[in-house]
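Visitor: Provide a 3D model corresponding to the input given below.
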Amino acid sequence: MTDVLRLENQLCFALHAASRAMTGAYQPLLEELGITYPQYLVLLTLWEEDGARVSRIGERLYLDSATLTPLLKRLEARGLVERRRSSADERVVEVFLSAEGKRLEQKAREIPQALFCKTKLSIGELVRLRATLQELTRTLHEDTED
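Guide: A predicted model of the protein is given here:
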């Protein structure tokens with residue numbers, strides 16, 4: 001086997017393993033709130049943009065509607081969000097936080113700090129890593145759009 005095909009030499013595998021480890025680190029914190037990691041990402045989006053269109057949430061999270069719709073249905077069943085057809089355009093669905101969804105934001109405020117401590121990275125290292133990953137994501141998305 002050549003070195004180029006060794007698993008530990010693959011950037012994709014390093015990112016995959018890191019992503020799984022990060023999701024696993026979030027799990028016990030999110031269990032206390034009764035939500036999953038993908039649900040947390042949706043709620044983060046809505047805490048920034050309450051009333052966002054489903055398409056906007058999908059753009060921000062890089063999720064298609066086939067993945068996002070069941071997620072939103074589960075959040076709605078939990079009483080955390082409400083989906084509504086836009087009064088301006090019936091084809092558009094907007095997602096709003098319920099009172100409980102808004103209250104959950106306060107409980108979730110401690111999660112970023114708890115995760116930062118788990119990483120054992122300095123603030124500078126964390127900022128650089130996030131910027132590098134964001135740039136990689138932008139670059140790869142631009143490449144697939146061409």
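
Visitor: ok, for the residue nearest the centre of the chain, nearest residue in space, not its chain neighbours?
Guide: Geometric centre of the chain, nearest residue: L41, 3.1 Å, by Cα atoms, centre = their mean. Of all residues not flanking L41 in the chain, L61 sits nearest, at 5.5 Å (Cβ to Cβ, 6 or more residues apart in numbering). C-beta coordinates here come from the backbone N, C-alpha and C atoms, glycine included.

Visitor: same thing with L29?
Guide: I111 (5.1 Å).

Visitor: The residue nearest to L41 and E48, how far apart?
Guide: 12 Å (Cβ to Cβ, to the nearest Å).

Visitor: Out of these two, name the residue with the larger neighbour count.
Guide: Per other Cβ atoms under 10 Å, whichever of L61 and E48 has more neighbours is L61, with 16 against 9.

Visitor: can you give me the helices in this protein?
Guide: Along the chain, counting by DSSP state H, helices occupy 11-31, 37-48, 54-61, 65-77, 99-108, 111-119, 123-145.

Visitor: Adding mean pLDDT and distance to V92, write those helices out as CSV.
Guide: Below are the helices of the chain laid out as CSV (pLDDT from 0 to 100; distance: least, Cβ to Cβ, whole Å):
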stretch, mean pLDDT, distance to V92
helix 11-31, 97, 29
helix 37-48, 98, 16
helix 54-61, 96, 8
helix 65-77, 96, 12
helix 99-108, 97, 20
helix 111-119, 95, 31
helix 123-145, 93, 23
